[in-house]
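J.: Fold the following.
(one chain, ligands or ions: 1)
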Amino acid sequence: MTKNGLLSPGESIPPMPDANAVSKTKDRVTNAHTSEGPGKIAFRRTYSSHSIKVKSVEVGPGSFHKIKMLGRGDVGKVYLVREKKSGKLFAMKVLSKKEMIERKKIKRALTEQEILATANHPFIVTLYHSFQSENYLYFCMEYCMGGEFFRALQSRPGKCLSEDAARFYAAEVTAALEYLHLMGFIYRDLKPENILLHQSGHIMLSDFDLAKQSSERGGRPATIHTEENGTPLIDTRACTADFRTNSFVGTEEYIAPEVIQTSGHTSAVDWWTLGILIYEMIYATTPFKGVERNDTFHNILNLPVHFRDTPKVSHAGKDIITRLLDKREFTRLGSKSGASEVKQHKWFAKINWGLLRNTQPPIVPTASNGVDAVNFRQMHESMSLQLERQGALVTPTKGVAGSSLPGTPGLGENDGLDSSPLSRTVDEFSAFSSITLQYDGES
Ligand SMILES: Nc1ncnc2c1ncn2[C@@H]1O[C@H](COP(=O)(O)OP(=O)(O)OP(=O)(O)O)[C@@H](O)[C@H]1O
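T.: Prediction:
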């Protein structure tokens, strides 16, 4: 390791170490923490630009006022909330334990927590607190005021972006994927709906419940390759290289051929989805879309990517899409040495990777008080009311100071329509850590 903490050529990043440090330090690959097991925080290594302190949770559901619902997913809902003490806005994801048990999604929630709590990257949504009540899991995250990238895209003329703008977002997504792969995760669910916009206009990846982690023994260290021109490159593919998963997940039009074929897939699926994303940003449609799901799958497996005459796209643009949408995962761009290979493609030649976060994004959300929540789907209050009735955003967690949210029916954890106490002999959620994360420079 060099003095500034960067890896020297030939030096490898340790795979999944477990040391006892809970802080993440500047530009270094640190062996962050710890003991694993029920109720323990399972942090692994981090690659961060700030320090984070992990503390026992300092808030509960009663510490927040609910403002409105921002979105909903399979087993949960996301609310815009204001912390009573600080007046700060956050996005609060609330997941129903009952639904998770019934739909066998517990592991996904635990993985999501691990990624959010471990990640410290400018393009990955920041987690501030995670905690649980009898019936719900809560993720208190940074509120991405710019809303869904998908909505922003829809509101553009032609519902698409110029090639330059697409390149910018593709670069930010590549940087986030690189980081996730370094951590040993495959994202598996890249699509415009999962990209949120920070107030600054920079992207933030969210929704990690489909992400998959390589086993501690499976993931190998990142290694340094030296290109023919002498440039040292970190091979992130190695971190997830021995890791194949068979689960059939993802979004129809974004699914990679090897996922359809259920032949097992690797981090190369994320490079496939990046290809679809670039295509969609430029052409306002995905390349293999069929009338029915089976047509889409048939096209993904059999059709070459087709480029319309308009809009005009550079040769390099078409090339990177074609290389990412290589149906053979072992020759796909990114399959050799991961993100560094993608970043080296000539389409990205204009990108200054080190200055990405200081570059003015093509879409900057209009300044607002934050509560307006533009670029979010219209959520019916009835949806959020239902959750309130279920007690999800009303009852303070035991031992945590707080009161019911004003304007709610004031139901307790066990009073709600659907919140009959879960009768369980085993606590499936014991591995879910209640923590508060404090970032450098914040009090
Ligand atoms: N940090 C955030 N800031 C602002 N809005 C957010 C944030 N996180 C989530 N949302 C909103 O909530 C929606 C649902 O979030 P998310 O996809 O994480 O939920 P989910 O329950 O995991 O969904 P899925 O079923 O797709 O996995 C997002 O599309 C977005 O509109």
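J.: And the pLDDT for the residue in the stretch 301-443 of the chain that the ligand sits nearest to?
T.: Per Cβ to the nearest ligand atom, Phe376 is where the stretch 301-443 of the chain lies closest to the ligand, at 5.1 Å. All C-beta atoms are positioned from the backbone trio N, CA, C, and that covers glycine. Reading off the per-residue confidence, Phe376 sits at a pLDDT of 70.
J.: Please verify my assumption that it contacts Gly146.
T.: No: when contacts are counted by Cβ atoms under 8 Å, Phe376 is not listed as touching Gly146 (9.8 Å).
J.: Please say which of these two ends up with more neighbours.
T.: When Phe376 and Gly146 are compared for neighbours, Gly146 comes out ahead with 26 against 20, by other Cβ atoms under 10 Å.
J.: excluding its backbone neighbours, what's nearest that one?
T.: Leu197 (2.7 Å; Cβ to Cβ, 6 or more residues apart in numbering).
J.: and that neighbour, what does it touch?
T.: Listed by Cβ atoms under 8 Å, 6 or more residues apart in numbering, the contact set of Leu197 reads Cys144, Met145, Gly146, Gly147, Glu148, Phe149, Ala152, Ile203, Met204, Ile363, Pro365, Asn375.
J.: ok, of these, which one's closest to the ligand?
T.: Using Cβ to the nearest ligand atom, the contacts of Leu197 come closest to the ligand at Cys144, 3.7 Å.
J.: Nearest spatial neighbour of that closest one, chain-adjacent residues omitted?
T.: Nearest residue to Cys144, sequence neighbours excluded (Cβ to Cβ, 6+ apart): Leu196, at 3.6 Å.
J.: Repeat that for Leu180.
T.: Leaving out its chain neighbours, the residue that sits closest to Leu180 by Cβ to Cβ, 6+ apart is Tyr187, at 5.4 Å.
J.: Break the chain down into its structural domains.
T.: If you go by the TED database, the domain ranges for the chain are 52-145+368-385, 148-358.
J.: how close does Phe90 sit to the ligand?
T.: Plainly put, Phe90 is 8 Å away from the ligand if you go by Cβ to the nearest ligand atom, to the nearest Å.
J.: again, but for Val173
T.: Computed with Cβ to the nearest ligand atom, the distance linking Val173 and the ligand is 16 Å.
J.: you'd agree that residue is in a strand?
T.: No: using DSSP: H, G, I helix; E, B strand; the rest coil, the assignment for Val173 is helix, not a strand.
J.: Run through the residues that contact it.
T.: Phe123, Leu190, Ile195, Ile203, Leu205, Leu274, Leu277.
J.: list the contacts for the fifth one?
T.: Read it as Leu205. Under the contact definition (Cβ under 8 Å, 6+ apart), the residues listed for Leu205 are Phe123, Ile124, Val125, Val173, Ala176, Leu180, Tyr187, Leu190, Asn194, Ile195, Leu196.
J.: Low-confidence regions, the stretch 201-350 of the chain specifically.
T.: Low-confidence regions of the stretch 201-350 of the chain, defined here as pLDDT under 70, cover residues 214-250.
J.: For it, which residue gets nearest to the ligand?
T.: Residue nearest to the ligand within the stretch 201-350 of the chain (Cβ to the nearest ligand atom): Asp207, separated by 3.6 Å.
J.: Would you check how far apart that residue and Pro157 are?
T.: The gap separating Asp207 from Pro157 is 28 Å, by Cβ to Cβ, to the nearest Å.
J.: before we move on, what about Ile124?
T.: Shown here: Ile124 relative to Pro157, a distance of 30 Å by Cβ to Cβ.
J.: Show me which of those two is the more surrounded one.
T.: Neighbours around Ile124 and Pro157, counted as other Cβ under 10 Å, are more numerous at Ile124. The numbers are 23 against 6.
J.: pretty sure Lys191 is in contact with Tyr254, am I right?
T.: Yes: using Cβ under 8 Å, Lys191 is in contact with Tyr254, at 5.1 Å.
J.: Residues in contact with both of these two, list them for me.
T.: Thr273, Ile276, Leu277.
J.: if we can go back for a sec, want to throw the domains of the chain into CSV with distance to Leu437?
T.: What follows is the domains of the chain, written out as CSV (distance: least, Cβ to Cβ, whole Å):
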stretch, distance to Leu437
domain 52-145+368-385, 5
domain 148-358, 15
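J.: out of those, nearest to Phe432?
T.: Evaluated over the domains of the chain, closeness to Phe432 peaks at domain 52-145+368-385, with 5.6 Å, by Cβ to Cβ.
J.: what residues does the stretch 51-200 of the chain put near the ligand?
T.: Proximity of the stretch 51-200 of the chain to the ligand is assessed by Cβ under 6 Å from any ligand atom, with 70-71, 73-74, 76, 78, 91, 93, 125, 141-144, 148, 193, 196 identified as the residues in range.
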